[in-house]
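Student: Kindly return the folded structure for what I paste below:
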Amino acid sequence: MASVLSYESLVHAVAGAVGSVTAMTVFFPLDTARLRLQVDEKRKSKTTHMVLLEIIKEEGLLAPYRGWFPVISSLCCSNFVYFYTFNSLKAVWVKGQRSTTGKDLVVGFVAGVVNVLLTTPLWVVNTRLKLQGAKFRNEDIVPTNYKGIIDAFHQIIRDEGILALWNGTFPSLLLVFNPAIQFMFYEGLKRQLLKKRMKLSSLDVFIIGAVAKAIATTVTYPMQTVQSILRFGRHRLNPENRTLGSLRNVLYLLHQRVRRFGIMGLYKGLEAKLLQTVLTAALMFLVYEKLTAATFTMMGLKKAGAERGPHCHQERRARSRDVLWAKEASQSRRQRAVILETATEVAEKQQQQRQQNQEHRMELWITQPLDPKSHVPLLWQSCFDSELPPGHFSGELFTEPLG
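Tutor: Below is the predicted model of the structure:
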């Protein structure tokens, strides 16, 4: 329970919310273009920049930022819930062990389910507010007239029932694999890089965040298209079934999309989505990592939490321990090398000394004067007279046997 309500989980949640709000604000026009391409099926422009130019020309310069506040509010709440749940569950499950790709995927999936169930009403409202006042080519779309977030909640509950706030929940639950896949790849790539270095640069974080989001978005994009249509909820389609978000409606919309536009119709707006979501996710992770590290440093908890988010501080301690062991092993190898080198030098000097002694003895033996009677060197004769073993003599000229 302490791990769930920990200060570290709160810091990660706030940092994730701030990072997502910052990134979405910067790239919000791209999200506007993506949503128009998904919902307005009869729009002829296919590229992101052409859609943005049409929106500005027809609806005004600030039109790409229409619905910014409700989107940012929903995004802030959504990412706060997701990051808090992700880090809390991971802290409870990992408990000092090294995390794995499978654990990251499971924790991300559970955090996504919690996030969807709690924040779907906010996304339904912000989708409708964002598209309110837009000029559509599709006549099947019914216009809306909301005065704000509270009024939108009131009108939806009054006219469509409270369950309409959870329109698109089923595809949203399927789409929890999007952040789960994203965090799985992000954590995996991060662990691989941290095996080679102790700290990631800003560019490293930006790139791995972008790659992880690009993979997750491409895999789940068809369901994101259905999700946007169901959240908007203003199409005059499938009138016999008002329980929007059911499996039947999801399959119906997928079938209609493929029948009208072919299989590529499921990926209409993918260019804008990839451009927006990849850049947004990369910038969000960058702000998130820097903010968590700065917060933990200021609060004196850098060692405990700066490397966690969303991977836990136990992993950092394990990496530090591995690095310390590697340093100790390297130092021990250097010491052994020094000892071996010293022993080698001593042995070489001893060998040189023995060789010099032998040469000196040979020189003395050879240069000794001969005995006039036996014509034998005097030192040799001294050895014979003293009956010393061969190779020794009675004087003190030599200290070790010849040989």
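Student: Could you list the domains of this protein?
Tutor: Using automatic domain parsing, the domain parsing of the chain gives 7-311, 331-386.
Student: Any chance of these in JSON lines with distance to W325 as columns?
Tutor: (Glycine included, C-beta is placed from N, CA and C.) Formatted as JSON lines, the domains of the chain follow (distance: least, Cβ to Cβ, whole Å):
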{"stretch": "domain 7-311", "distance to W325": "14"}
{"stretch": "domain 331-386", "distance to W325": "10"}
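Student: which one of the ones you listed is the most hemmed in?
Tutor: domain 7-311 (a mean of 19; mean count of other Cβ atoms under 10 Å).
Student: before we move on, back to that, going by mean pLDDT, which of the domains of the chain comes out lowest?
Tutor: Mean pLDDT is lowest for domain 331-386 out of those, coming in at a mean of 72.
Student: Now L230. Nearest residue, chain neighbours left out?
Tutor: In space, L230 comes closest to G168 once its chain neighbours are excluded; the distance is 3.6 Å by Cβ to Cβ, 6 or more residues apart in numbering.
Student: Assess the claim that that neighbour and Q227 are in contact.
Tutor: Yes: applying Cβ atoms under 8 Å as the test, G168 and Q227 come out as touching, 4.8 Å apart.
Student: Next, the contact list for the closest residue to L266 other than its chain neighbours, please.
Tutor: Once flanking residues are discounted, L266 sits nearest to P222: 3.9 Å by Cβ to Cβ, 6+ apart. The contact partners of P222, by Cβ atoms under 8 Å, 6 or more residues apart in numbering, come to 254, 257, 266-267.
Student: Equivalent analysis for N79, please.
Tutor: Per Cβ under 8 Å, 6+ apart, neighbours of N79: 13, 16-17, 19-21, 284.
Student: And for S73?
Tutor: Contacts for S73 (Cβ under 8 Å, 6+ apart) come out as 122, 126, 149.
Student: element containing the second one?
Tutor: Mapping N126 onto the secondary structure by DSSP states H and E places it in helix 101-131.
Student: so how far is F109 from the closest residue to C76 other than its chain neighbours?
Tutor: Setting aside the residues directly before and after it, C76 is nearest to A17 in space (Cβ to Cβ, 6+ apart), at 4.7 Å. When distance is defined by Cβ to Cβ, to the nearest Å, A17 is 21 Å away from F109.
Student: E58 now?
Tutor: To F109, E58 is 41 Å away according to Cβ to Cβ.
Student: got it, and G67?
Tutor: As judged by Cβ to Cβ, G67 and F109 stand 29 Å apart.
Student: Show me the helices in the stretch 101-250 of the chain, by range?
Tutor: Taking DSSP state H, counting those that start in this stretch as the test, the helices found in the stretch 101-250 of the chain are 101-131, 149-160, 169-174, 177-194, 202-232, 247-261.
Student: For the third one, name the packing helices and strands.
Tutor: Spelled out, that is helix 169-174. helix 101-131, helix 202-232, helix 247-261 (3 or more Cβ pairs under 8 Å, 6 or more residues apart in numbering; DSSP states H and E).
Student: Tell me which of these lies nearest to A347.
Tutor: Of all the helices and strands packed on helix 169-174, helix 202-232 sits nearest to A347, with 50.3 Å by Cβ to Cβ.
Student: starting at the chain centroid, how far to the closest one?
Tutor: Centroid displacement of helix 202-232 relative to its chain, using Cα atoms, centre = their mean, to the nearest Å, is 15 Å.
Student: Kindly report the same for stretch 55-72.
Tutor: That offset, for stretch 55-72, works out to 32 Å (Cα atoms, centre = their mean).
Student: and that stretch, how far apart are its ends?
Tutor: Chord length of stretch 55-72, first to last residue, is 20 Å (Cα to Cα, to the nearest Å).
Student: And the contacts of it?
Tutor: 21, 24-25, 28-29, 31-33, 36, 52, 122, 125-126, 129-135, 149, 152.
Student: next one: stretch 169-186
Tutor: Stretch 169-186 has contacts (Cβ under 8 Å, 6+ apart) with 82, 86, 101, 104-105, 107-109, 111-113, 115-117, 120, 123, 208-209, 211-213, 215-217, 219-220, 223-224, 226-227, 230, 245-247, 249-250, 281, 285, 310.
Student: how about the closest residue to G209 other than its chain neighbours, phi and psi?
Tutor: Distance criterion Cβ to Cβ, 6+ apart; nearest residue to G209, sequence neighbours excluded, is F285 at 3.5 Å. Note on F285: its backbone torsions stand at phi -60, psi -40 [degrees, to the nearest 10].
Student: can you tell me which residues contact F285?
Tutor: Shown in contact with F285 (Cβ under 8 Å, 6+ apart): 19, 186, 205-206, 208-209.
Student: which of those residues sit farthest apart?
Tutor: G19 and I208 (14.6 Å).
Student: Centre-most residue in this structure?
Tutor: Geometric centre of the chain, nearest residue: Y186, 3.2 Å, by Cα atoms, centre = their mean.
Student: Fine by me, we can end here.
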